[in-house]
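**Q** okay, sequence plus prediction incoming.
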Amino acid sequence: MSRYCLDTVAYSYFKRCVSRIAALRDEADWIWIPVIVLGELFAGFEHGVHRERNIRELEAFLSFPMVEVLQVTGRPRKCLAGSWPIFAAEDVPCP
């Protein structure tokens, strides 16, 4: 069973390396995105030149059945406290 918790950097990295998004989606049982990360992403989209496209792509990603938005209370808070981004730009080369 594979579970991933994405932070803002990890989501941005996946968007730059589209094949990694597909691979993660195909292998993951769950992909969690904390509500705080959504706030950071939407704030960035508001100041970017591709606002509408970025929002559409994020909404499409959130619609995958294994993707869940985490509220930061109780059990999810404990999960987040021990989580690290699953990829760091310096560790995983873009194809």
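**A** Done, it's in.
**Q** pull out the buried residues from the one helix or strand residue 10 maps to.
**A** Using DSSP states H and E, the element containing residue 10 is helix 8-16. Neighbour counts over helix 8-16 (16 or more other Cβ atoms under 10 Å) mark 8, 10, 11, 13, 14 as buried. In short, each C-beta sits where N, CA and C put it, glycine included.
**Q** in this structure, which helix or strand is least confident?
**A** helix 74-81 (a mean of 56; mean pLDDT, DSSP states H and E).
**Q** quick one, helices of the chain?
**A** 8-16, 18-27, 35-46, 51-62, 74-81 (DSSP state H).
**Q** which elements pack onto the fourth one?
**A** Same thing as helix 51-62. helix 8-16, helix 35-46 (3 or more Cβ pairs under 8 Å, 6 or more residues apart in numbering; DSSP states H and E).
**Q** still on that earlier bit, rank the helices of the chain by pLDDT, which is bottom?
**A** Out of the helices of the chain, helix 74-81 stands lowest, with a mean of 56 (criterion: mean pLDDT).
**Q** one step back: deepest of the helices of the chain, which one?
**A** helix 8-16 (a mean of 17; mean count of other Cβ atoms under 10 Å).
**Q** what helices or strands is that one leaning on?
**A** For helix 8-16, the contact count by 3+ Cβ pairs under 8 Å, 6+ apart identifies helix 18-27, helix 35-46, helix 51-62 as packing neighbours.
**Q** how about those in CSV, adding distance to residue 73?
**A** Output for the helices and strands packed on helix 8-16, formatted as CSV (distance: least, Cβ to Cβ, whole Å):
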stretch, distance to residue 73
helix 18-27, 25
helix 35-46, 10
helix 51-62, 19
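**Q** good, wrapping up.
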